[in-house]
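[1] When you get a sec, could you give me coordinates for this:
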Amino acid sequence: MGNLYLAYDYPVLGAFWTVMWIFLWILWLMVLFRVIADIFRDHTLHGWAKAGWLFFVIILPFLGVLIYVLVRGKDMGKREAQLAREQQEAFDTYIRETAAPSGGASHADELVKLADLKAKGAISEDEFQRAKEKILH
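    Numbering: from 1, shown residues only. Predicted coordinates:
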């Protein structure tokens, strides 16, 4: 019938070590790609410096990433925060532009103009109410 392997043939400590090594491998890949992304994100580095760091990180990955983090690690957080700020500002600008009425004026501004026209006698109460309903709906 051949060999039949059961769960107890793989000890708990072996499973723990396997999970730990998989976790460390995934963590290593995350750090590696974060360093590579930071190399390209940094606008103070010029072409040859970026190429040098990238070459170093790819050819000697463990040593390259370790040295990169030691030399330029403090500014990695600053660049990440700056990117997050720029993305948030772009998102806020997009929301403001999208949510604004097509004429550029808000509903409150249009209501103020209508109230002024009514106060000056340019429109009647009935016209004011109809225009107000259009603005609010």
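
[2] Got the domain ranges for the protein?
    7-99, 104-137 (automatic domain parsing).

[3] how about TSV for those, with mean neighbour count and mean pLDDT added?
    The C-beta positions use only the backbone N, C-alpha and C, and glycine is treated the same way. TSV is the format used below for the domains of the chain (neighbours: other C-beta atoms under 10 Å; pLDDT from 0 to 100):
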stretch	mean neighbour count	mean pLDDT
domain 7-99	12	88
domain 104-137	12	83
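
[4] what's the single longest helix in this structure?
    Using DSSP state H to define each element, the chain has its longest helix at helix 61-99.

[5] mind saving the C-alpha coords of the very next helix or strand once past that helix as CSV?
    Counting by DSSP states H and E, the next helix or strand C-terminal to helix 61-99 is helix 107-120. Taking Å, rounded to 0.1, in the frame of the first residue of the first chain, the C-alpha atoms of helix 107-120 are listed here in CSV:
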residue,chain,number,x,y,z
HIS,A,107,-26.0,76.6,-3.2
ALA,A,108,-25.6,79.1,-0.3
ASP,A,109,-24.2,81.7,-2.7
GLU,A,110,-27.0,81.2,-5.1
LEU,A,111,-29.6,81.6,-2.4
VAL,A,112,-28.0,84.8,-1.2
LYS,A,113,-28.2,86.2,-4.7
LEU,A,114,-31.8,85.2,-5.0
ALA,A,115,-32.6,86.9,-1.6
ASP,A,116,-30.9,90.0,-2.8
LEU,A,117,-33.0,90.0,-6.0
LYS,A,118,-36.1,89.5,-4.0
ALA,A,119,-35.1,92.3,-1.6
LYS,A,120,-34.5,94.7,-4.5
